[in-house]
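In: quick one: sequence and predicted model below, then my questions.
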Amino acid sequence: MAVFFFTQEVSTGMSDVTNESLIEMYIYETEENIEQIERTILLSEETDSYSSEVLNEIFRLMHTIKGSSAMMNFRHISALAHSLEDLFFFIRENQTVKVQPVEVNDLVFSGIDFIREELKKLKSGREPDGNSEKLTAEIRGILEKLKTSHVPAVNKYSKEEEKVPAGTETAAQPNNGPLKLYKVRLFFKEGSGMENIRAYGVVHHLREYVNEIRHIPKNIIDDHGTAEIIKEKGFTIYLKTGISLNELRALLSRTVFLDRLEVEELHDEEEIHDLFPANGSKNSKETEKAFYQVGKAMISVSMSRLDQLMDLVGEMVIAEAMVTQNPEIRKLELESFEKAARRLHRITLELQDLVMSIRMVPIAGTFQKMHRIVRDMSKKLGKDVKLEIIGEETEVDKNIVEHISDPLMHLVRNAVDHGIEDSTAERIMKNKPETGKVTLEAKNAGNDVCILVKDDGRGLNKEKILKRAMEKGLLTKSPEEMTTNEIYQLIFEPGFSTNEQISEYSGRGVGMDVVVKNIEAIGGNVSIDSKEGEGTVVTMKIPLTLAIIEGMNVLVGENRYTIPISAIKESFKAKGHEYFRDPAGNEMIWVRGKLYPIIRLHECFSVPGGTSDISGGILIMVEEDEKSACLLADRLIGRQNVVVKPLPAYIKNFDHFNGISGCTLLGDGSISLILNVSGLIESKQSRTLSS
Amino acid sequence: MYEEILETQAEDTMKDRYLTFEIGGESYGIDIKYVREIVGLQPITPVPELPDYIRGIINLRGKIIPVVDVRLRFRKPFKEYTDRTCVIVIDLNDTSVGLIVDSVSEVLTIPENQISPPPELNKTSSRYIKGIGKAADGVKLLIDCDSFLNDDEVRSISNPE
């Protein structure tokens, strides 16, 4: 009986797992797909027209979503995707039709939002029960409108093929002549500058007349380095079109700053095939094949498994130390053992690096999401705002990416809503470009990553901030004594919100203090700088990874503690330094003309046996969040990269001591508490105040 | 239906089974379904500013778990740890906690009809006892794991919010 039970259990368990992983896979894929659609649409909005690539892309992605949703039996998502697929199919097949991208985009966005909402439900284990009928009907309505208003247009060069039969997936052919392949090489005049942008102009201009187009170098918009290549080697375009060589030459010769132009017709079928492999517009089956081939090289792994792997590697590092530094073999001379141990050590280090690097993801995904926010807001608020992104290839730990998304969204909203001027007239008056600019920038700075949200708007108004802070009773000292920076920092105080009216975007009762809280929760900090009339910069400094930090291990009594290296300024023996106790019992030390409070670690952690003699121990000067102090420990043990583990939840429930940020395991398996320097200084201060 | 029957049977094997342990001559029992393992005493790393009965944290094969001294939790005087001192690791709502006890005795079956509710004499220590079980060698105080670990009394003192 018991055996029976066991097998039963296993088999039901298995089917659950497969079903769950299917859903997980579905969520992951669909999320990727809608994000891709969003990006593509936003790109097309910049040019205010749909290129055939954009149409193909959206059509393909919608097709995928439709298929996988139908497979998972999510009827409403599938129906919605289907209607959008049809819409884009029609636009693609009838490229001459007058489409208002803005109108269509809004629909696509509501569609994406619907799907996203449903995915959210799935993620939290609920059924995707939303109803998309209204939206689907709306999309169908637009499609009908387009169909009736559309009269097959006459092309400049030749007559368009009459209606393409629905269902077949051939590319729109603006020309009825036999397709020919051309190779074009352009050189721009010396000193024309921005060669890559000019090249893009050429490509864009040609799109109307050609069926397919490829160019070398490829990434001319995003990669500004291509300008150099074009300058030296020229810009090469391969295109398939029905127009003649002379027509093409005439078209191209109108290019501004053109220096030299070479146009030739290619006849080699092989070459043609190589240049235009399995294009999405030709056959969706081929595209799908290509899609799956990409899938083979990449697999998605759940975060919890990576965390497990990380934990295991961490344990292995410790186990390795326990073996190689085992007291029982310490006195033996073991040549080949030593060799093998060194080899093991090297491999573990590599493994650790690899695990860390797997968890690192580019911040691009998070940044790209902000395009949508800026778009929606600038439309709603009637402000002309552009988002610029710098350094999106910067990599951070996956955990961190998840945590910065919300704060970032809040900051971007603030920048557009409060930062950028309300009217273009106001901007023109101040000699600024009409279009407001919000810049997102990510860059590495040592063990931290800096994320900047910049706007070129009004900037902060000190008087307003002070007035507001006064009203809210947030001032702790008189305004005259405050530095500009201190005044700006008031914005981060809980209960502060500069806007009089709560607007749809920034107001919602949450202020900048929430941003600060979120960032601090992942060990980072936020600062703000501004110039009135010129703009505001909010800088978030976040550790690259939460999982491993570089720490200095110190000994206090029999206990060991780890201080993050990033917080340590220096360490020194108190020789010849003057130290004293003030009437309130605070100990202070003079270091190079500055006074620092002394924090005795053995007192803080009530460790018996710690050095109480200041000159006998070692002082470690630490600084964090502009607070500094000298910590007294018995001695330094050494620096080490440590795997950070959070304190158990059971303890966190009690813990009101801010001096510890987590713990780590040392080589011998013992636990070391990791100090939270700013928390330690704060709790010391508050204790002095209360006593 | 079939599975249901089988599942109840599986639960049955754990039902009415208690791990018993000693504290200062008194015998306690803990529902076996919470017990994950029993380990010898490990080096404890103290964590500051916690109630005294939370002795600190230990490293259990790479997992950091808090340890609670059951003696101190029941407001009995602290006793130095010896070779016989054990840590019973229990899992409750996805958190693992180690319980430090004087010594572990055995696993006993105490049927429900042999368990009577605790007398309401002493509020403070009986609040973590869910019943008193009768066994061949005497009575066992059966611990209510949930309130034992998650009682708000202490927390509300240290945290008046």
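Out: Nice, I can see it. Numbers count the residues shown, from 1 in each chain, chains lettered A, B, ... in the order given.

In: can you tell if stretch B:85-99 touches chain A?
Out: Yes - Stretch B:85-99 is in contact with chain A by CB under 8 Å from any CB of the partner chain, via B:95-97. Where C-beta positions appear, they are placed from N, C-alpha and C, glycine not excepted.

In: considering these, which possesses the most neighbours?
Out: residue B:97 (23 neighbours; other CB atoms under 10 Å in any protein chain shown).

In: which residues of chain B score low on pLDDT?
Out: B:1-13, B:120-126, B:151-161 (pLDDT under 70).

In: show me the helices in it, by range?
Out: Per DSSP state H, chain B carries helices over the ranges B:2-14, B:70-73, B:123-126, B:145-150, B:152-158.

In: next one: the stretch 451-600 of chain A
Out: A:462-471, A:484-489, A:512-521 (DSSP state H, counting those that start in this stretch).

In: nearest to chain B, out of those helices?
Out: Chain B lies closest to helix A:512-521 among these, at 16.6 Å (CB to the nearest CB).

In: mind saving the C-alpha coords of the closest one as CSV?
Out: Coordinates of each C-alpha in helix A:512-521 appear next as CSV, following Å, rounded to 0.1, in the frame of the first residue of the first chain:
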residue,chain,number,x,y,z
MET,A,512,10.4,60.5,-2.8
ASP,A,513,10.8,58.9,0.7
VAL,A,514,9.5,55.7,-0.8
VAL,A,515,12.2,55.8,-3.5
VAL,A,516,14.8,56.3,-0.8
LYS,A,517,13.4,53.5,1.2
ASN,A,518,13.4,51.1,-1.7
ILE,A,519,17.0,52.0,-2.7
GLU,A,520,18.2,51.8,0.8
ALA,A,521,16.6,48.3,1.2
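
In: and it, what does it pack onto?
Out: Judged by 3 or more CB pairs under 8 Å, 6 or more residues apart in numbering or on different chains; DSSP states H and E, helix A:512-521 is in contact with helix A:398-414, strand A:525-531.

In: how far does the last one sit from the chain's center?
Out: Taking the mean C-alpha point of strand A:525-531 and that of its whole chain, the gap between them comes to 20 Å (CA atoms, centre = their mean, to the nearest Å).

In: strand partners (parallel or antiparallel) of it?
Out: strand A:535-543 (antiparallel) (DSSP bridges).

In: pLDDT on the strand it pairs with, on average?
Out: Taken as a whole, strand A:535-543 has a mean pLDDT of 88.

In: before we move on, what about stretch A:385-405?
Out: Mean predicted confidence for stretch A:385-405 is 85.

In: what's the first-to-last distance across it?
Out: Using CA to CA, to the nearest Å, one end of stretch A:385-405 lies 20 Å from the other.

In: same deal with stretch B:14-32?
Out: Note: stretch B:14-32 ends 7 Å apart using CA to CA.

In: what's in contact with it?
Out: With contact meaning CB atoms under 8 Å, 6 or more residues apart in numbering or on different chains, stretch B:14-32 is reached by B:33, B:35, B:38, B:70-71, B:74, B:76, B:79, B:86, B:88, B:90, B:99, B:101-112, B:133, B:135, B:137-143, B:145.

In: give me the buried entries from the residues you listed.
Out: Buried members of the contacts of stretch B:14-32, counted by 16 or more other CB atoms under 10 Å in any protein chain shown: B:35, B:70-71, B:74, B:86, B:88, B:90, B:99, B:101-102, B:104, B:108, B:110, B:133, B:135, B:140-143, B:145.

In: residue of the stretch 451-600 of chain A with the smallest distance to chain B?
Out: Counting by CB to the nearest CB, the stretch 451-600 of chain A gets nearest chain B through residue A:559, at 6.9 Å.

In: shouldn't that residue be in contact with residue A:607?
Out: Yes - contact criterion CB atoms under 8 Å: residue A:559 and residue A:607 qualify, at 5.3 Å.

In: more neighbours: those two, which one.
Out: residue A:559 (22 against 19).

In: pLDDT score for the more buried one?
Out: pLDDT at residue A:559 comes out at 88.

In: likewise for the one 10 residues further on?
Out: We have a pLDDT of 91 for residue A:569.

In: around it, how many other residues sit close by?
Out: Around residue A:569 there are 13 residues (other CB under 10 Å).

In: turn the helices of the stretch 451-600 of chain A into JSON lines, including distance to residue B:56, mean neighbour count and mean pLDDT.
Out: As requested, the helices of the stretch 451-600 of chain A are exported to JSON lines (distance: least, CB to CB, whole Å; neighbours: other CB atoms under 10 Å in any protein chain shown; pLDDT from 0 to 100):
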{"stretch": "helix A:462-471", "distance to residue B:56": "42", "mean neighbour count": "15", "mean pLDDT": "83"}
{"stretch": "helix A:484-489", "distance to residue B:56": "37", "mean neighbour count": "15", "mean pLDDT": "83"}
{"stretch": "helix A:512-521", "distance to residue B:56": "24", "mean neighbour count": "18", "mean pLDDT": "80"}
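
In: which one of these lies nearest to residue A:635?
Out: In terms of CB to CB, the element of these nearest to residue A:635 is helix A:512-521, at 31.1 Å.

In: ok now the closest one, how far from the chain's centre?
Out: With CA atoms, centre = their mean, you get 17 Å for helix A:512-521.

In: and what of stretch A:523-541?
Out: 19 Å.

In: identify each buried residue in it, please.
Out: A:523-530, A:535-538, A:540-541.

In: got the residues you listed as JSON lines, with distance to residue A:380 columns?
Out: Shown next, in JSON lines, are these (distance: CB to CB, whole Å):
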{"residue": "A:523", "distance to residue A:380": "35"}
{"residue": "A:524", "distance to residue A:380": "30"}
{"residue": "A:525", "distance to residue A:380": "32"}
{"residue": "A:526", "distance to residue A:380": "26"}
{"residue": "A:527", "distance to residue A:380": "29"}
{"residue": "A:528", "distance to residue A:380": "25"}
{"residue": "A:529", "distance to residue A:380": "28"}
{"residue": "A:530", "distance to residue A:380": "25"}
{"residue": "A:535", "distance to residue A:380": "22"}
{"residue": "A:536", "distance to residue A:380": "21"}
{"residue": "A:537", "distance to residue A:380": "24"}
{"residue": "A:538", "distance to residue A:380": "22"}
{"residue": "A:540", "distance to residue A:380": "26"}
{"residue": "A:541", "distance to residue A:380": "31"}
